[in-house]
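>>> Here is my input, please return the structure:
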Amino acid sequence: MEKIRKESQAPREEEKALVWGKNPVTELLKSGGAVDTVLLADSMPPAVAGYYTALAKQAGAVVKRAPSGKLQKLCGTTEHQGVAAWAAQVEYTDLEALLDIARQKNEPPFLVLCDGVEDPHNLGAIIRSAYLCGAHGVIIPRRGGVGVTGTVMKSSAGAAARLPVARVSNLAQAIRTIKEQNIFVYCADLGGAPLEKTDLSGPVALVLGSEGSGPSALTRKLCDAAVTLEMAPGGSGVDSYNVSVAAGILLYDIMRRRR
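Numbers count the residues shown, from 1 in each chain. Got it, this is the predicted structure:
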């Protein structure tokens with residue numbers, strides 16, 4: 001994982017995340033992210049427990065055994081797969097660090113901005129798609145959207161421990177700064193140009209709006225253009241794609257064009 005600068009403002013205490021599930025915890029430990037404690041179910045087979053114990057030791061984390069019932073209560077789900085980890089406070093980065101990553105790789109910048117995404121499952125899925133499609137980072141607002149929580153980490157299948165996430169105080173100013181770097185900013189929005197008529201190549205930033213109302217009016221105004229995904233003809237009672245589904249389609253198209 002690229003070394004990234006911390007935000008000048010320290011993360012708040014509630015941003016300490018409980019991550020659960022075999023793959024997310026494995027990715028978290030391997031990524032070098034700060035981990036306080038790894039919890040393993042008493043019923044976990046010795047060989048599997050030994051594997052996570054070794055990973056935890058390398059990460060400098062303490063290992064504790066716990067009844068499955070306690071893990072279920074902590075995680076709020078039965079899908080913890082016998083392993084959970086208390087990650088230290090989330091280390092967000094800043095916009096300039098994401099641009100630096102693109103420069104270091106000698107690649108045109110590829111950024112994803114979330115404007116008011118409130119469902120942690122959606123944010124996790126967006127981060128996962130962004131990571132797999134080669135984005136240099138994801139930008140989220142400090143207020144008006146979910147942060148990187150344990151649920152986000154789980155939903156991202158561990159990608160949130162690999163892909164830098166910048167948390168900014170003013171998303172509109174972030175968009176202005178991105179545009180000053182000659183990066184074309186597209187907004188995913190109903191009423192935009194169809195994807196097949198939109199060129200998403202080159203330096204690009206994709207803005208994804210909230211689940212209910214999409215991007216804010218100011219965000220839409222600041223973007224260079226809007227892009228939309230067409231739907232099959234005939235009213236179905238559903239008027240839009242889920243934001244994480246739309247993100248996956250659009251991000252894949254960007255990756256395809258960049259190749």
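>>> now the longest helix along the chain, how far from the centre of its chain.
For the chain, the longest helix by residue count, based on DSSP state H, is helix 243-258. Between the centre of helix 243-258 and the centre of its chain there are 14 Å (C-alpha atoms, centre = their mean, to the nearest Å).
>>> give me the low-pLDDT residue ranges for the stretch 101-250 of the chain?
234-238 (pLDDT under 70).
>>> now the helices: where do they sit in it?
Using DSSP state H, counting those that start in this stretch, the helices of the stretch 101-250 of the chain run over residues 120-132, 150-155, 171-180, 217-222, 243-258.
>>> got a markdown table for those helices, with mean neighbour count and distance to residue 60 too?
C-beta coordinates here come from the backbone N, C-alpha and C atoms, glycine included. Shown next, in a markdown table, are these (neighbours: other C-beta atoms under 10 Å; distance: least, C-beta to C-beta, whole Å):
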| stretch | mean neighbour count | distance to residue 60 |
| --- | --- | --- |
| helix 120-132 | 24 | 24 |
| helix 150-155 | 25 | 19 |
| helix 171-180 | 18 | 33 |
| helix 217-222 | 15 | 40 |
| helix 243-258 | 18 | 33 |
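>>> Now tabulate these in JSON lines and tack on distance to residue 18.
JSON lines is the format used below for these (distance: least, C-beta to C-beta, whole Å):
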{"stretch": "helix 120-132", "distance to residue 18": "12"}
{"stretch": "helix 150-155", "distance to residue 18": "4"}
{"stretch": "helix 171-180", "distance to residue 18": "27"}
{"stretch": "helix 217-222", "distance to residue 18": "31"}
{"stretch": "helix 243-258", "distance to residue 18": "22"}
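>>> And these: which comes nearest residue 111?
helix 171-180 (6.6 Å; C-beta to C-beta).
>>> Quick one: list the elements packing against the helix or strand residue 39 falls within.
Residue 39 belongs to strand 35-41 when assigned by DSSP states H and E. Helices and strands touching strand 35-41, by 3 or more C-beta pairs under 8 Å, 6 or more residues apart in numbering; DSSP states H and E, are helix 22-31, helix 46-59, strand 62-66, helix 68-75, strand 83-87.
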